[in-house]
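> Turn this into a model:
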Amino acid sequence: MEQVMLEQDIGKEDLNQLKGMVAQQDKLLMCVFDNKYGSELEYKLETELDMQVERQQRILIAKYKWHNARVLLHHATNQLAFSVRRWGEVAKINPSNLNGLYHAAAETRNNLIAASQNITSAQRYLHTIKFPYCTPQEMVTLNTAVANIFSDMRTPQRHQHAMQCYVTTHRRAAALIQWFDQVINNTIMKDLVNAGKAVNEKKASLRNERIRLMKEKIKLKQGTEISAELDMEIGSPEPEEADEELLKVMEADAVSQAGDLAADVTDGAADDAPAPTPLPQNELAPPPETSDIFGNIEELKKQHEEEMAQLEKAQTVNKARADQDLQEKLAQRRNRRRRIQQQESEAQALMAKY
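Residues are numbered from 1 along each chain as shown. This is a model prediction of the structure:
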């Protein structure tokens, strides 16, 4: 855990350094272009980049939350496996051995309670997602069985009835992890890769436009073309560190201590328990809607389209007012940056909490 916290602190330092570099870049651009946008294309590309970055951040946060929720479910599945095995041992204990019976039943109960807490915590962690397995009603059924465990251990019939409940919950929890893996691998990770490519492509386009504008500005002031050495220096690609550093921060606490609610209870015994037979992929429940996983990303596109339409309308109606409109868009850019920074701060707070 200490190593995880150390990696998280390093990630936060790197992210703060990155924020400083972004602020320095904005300040430099304001100086170069006299506190204006260099061109309408620069504004358009930067707006599109902000939209892509915000979308990428939403996916990163979703990835972080789904991975942490999966950790909770992994613990719950192990605890359920231990409970099933231990409850099976209860039936083999001599009824005259009351101490042995109560000790085994108490161990079973403690692990079942911990499993129920972990599953419930995972559901609360992803409150916009409706779990297809281990639903709230199923948890109520499990908790009711747990409340009667010391009565159920007294007769073979009640013992077997409780066993069916525990085994069913164990299978459902294993299926839920399968479903989680499907969503993470087939939806979240694929969208994250595509979002990263889109951000890098937009960054490259924006950089090329700014380099072109800088070259024009230098040529205008000097009256000559820039030297080949300076051209190479200006045109050298920037290192792609931003996305990697953000990924490190989001991954730093991938195994949250929130998943260790009852690690001391199982004492590692659950690791040897057999897992239920995995469900075929075609029998798994369908994944949730994209809007439930990432939030309403389509709203970002709609907002971007509206901004582009407003800009084009302003250019058509009165070309002379373009400079004033660009100044207003510059203020919007600052607001967007503040919103993005606020989301990053919320992500840090989320990681610190869990």
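
> What count of nearby residues applies to A349?
10 (other CB atoms under 10 Å). The way it works is simple: take the backbone N, C-alpha and C, and place the C-beta from them, glycine included.

> secondary structure element for it?
helix 322-353 (DSSP states H and E).

> could you give the mean pLDDT of that helix?
Helix 322-353 carries an average pLDDT of 71.

> list the helices and strands it packs on?
The contact analysis (3 or more CB pairs under 8 Å, 6 or more residues apart in numbering; DSSP states H and E) places helix 322-353 against helix 2-32, helix 40-90, helix 242-251, helix 297-317.

> Any idea which of the ones you listed has the lowest pLDDT on average?
For the helices and strands packed on helix 322-353, where the average pLDDT is lowest is helix 242-251, sitting at a mean of 42.

> and R207, how many residues sit next to it?
That count, for R207 with other CB under 10 Å as the rule, works out to 16.

> All the helices of the stretch 151-300 of the chain, residue numbers only.
156-183, 189-222, 228-235, 242-251, 263-266, 290-294, 297-317 (DSSP state H, counting those that start in this stretch).

> Tell me, what's the model's pLDDT at N99?
For N99, the model assigns a pLDDT of 93.

> Which secondary structure element is home to it?
Assigned by DSSP H and E, N99 falls in helix 98-125.

> Now do that helix: which elements does it pack against?
Secondary elements touching helix 98-125 (3+ CB pairs under 8 Å, 6+ apart): helix 40-90, helix 136-147, helix 149-152, helix 156-183, helix 263-266.

> Of those, give the one that comes closest to A195.
helix 40-90 (4.2 Å; CB to CB).

> The closest one - contacts with which helices or strands?
By 3+ CB pairs under 8 Å, 6+ apart, helix 40-90 packs against helix 98-125, helix 156-183, helix 189-222, helix 242-251, helix 263-266, helix 290-294, helix 297-317, helix 322-353.

> Let me know which of these is tucked in deepest.
Highest mean neighbour count of those: helix 98-125, a mean of 20 (counted as mean count of other CB atoms under 10 Å).

> now that helix against helix 136-147, angle please.
On the basis of axes from the mean of the first three to the mean of the last three CA atoms, to 10 degrees, helix 98-125 is oriented at 160 degrees to helix 136-147.

> re the thing from before, now the helix holding N99 against helix 40-90, angle please.
Using the same axes, to 10 degrees: helix 98-125 against helix 40-90 is 170 degrees.

> tilt between helix 98-125 and helix 156-183?
Using the same axes, to 10 degrees, helix 98-125 lies at 30 degrees relative to helix 156-183.

> start the count at 53, not 1, going forward
New numbering, starting at 53: the last item is helix 150-177.

> pLDDT wise, what is L194 at?
Predicted confidence (pLDDT) for L194: 97.

> That one - how many residues pack around it?
Neighbour tally, L194, other CB under 10 Å: 24.

> now swap in A143 and tell me
12.

> Tell me the spacing between it and A157.
Separation of A143 from A157 (CB to CB, to the nearest Å): 11 Å.

> And for Q395?
The value you get for Q395 to A157, if CB to CB is used, is 48 Å.

> what bits of the stretch 203-352 of the chain have low per-residue confidence?
274-326, 348-352 (pLDDT under 70).

> Could you double-check that K117 lies in contact with H179?
No. Using CB atoms under 8 Å, K117 is not in contact with H179; the gap is 10.1 Å.

> Looking at the two, which is more packed in?
Legend: neighbour count by other CB under 10 Å for K117 and H179, higher for K117 (21 against 7).

> how much space is there between E261 and L93?
From E261 to L93 the distance is 5 Å (CB to CB).

> ok, the closest residue to R391 other than its chain neighbours - how many residues close by?
With sequence-adjacent residues excluded and distances taken as CB to CB, 6 or more residues apart in numbering, R391 is closest to E106, at 7.7 Å. Around E106 there are 17 other residues, counting by other CB under 10 Å.

> Wait, E106 touches Q394, no?
No. Between E106 and Q394 there is no contact under CB under 8 Å: 11.1 Å.

> ok, the residue lying closest to I236 once chain neighbours are set aside - contacts?
Of all residues not flanking I236 in the chain, W118 sits nearest, at 5.4 Å (CB to CB, 6+ apart). W118 is in contact with 178, 232, 235-236, 240, 345, counting by CB atoms under 8 Å, 6 or more residues apart in numbering.

> can you do 10 Å?
174, 177-178, 181, 232-233, 235-236, 239-241, 345 (CB atoms under 10 Å, 6 or more residues apart in numbering).

> same thing with Y218?
So Y218 contacts 132-133, 135-140, 160, 163-164, 167, 194, 197-198, 201 (CB under 10 Å, 6+ apart).

> ok so, going back, mind checking how far the residue nearest to R391 is from K115?
From E106 over to K115 (counting by CB to CB), the distance is 15 Å.

> what about L382, distance to K255?
Counting by CB to CB - L382 and K255 are separated by 19 Å.

> Please disregard the earlier target; I meant M191.
45 Å.

> Check L272 too.
26 Å.

> one step back: of all the helices and strands packed on helix 150-177, which lies closest to E341?
helix 208-235 (11.0 Å).
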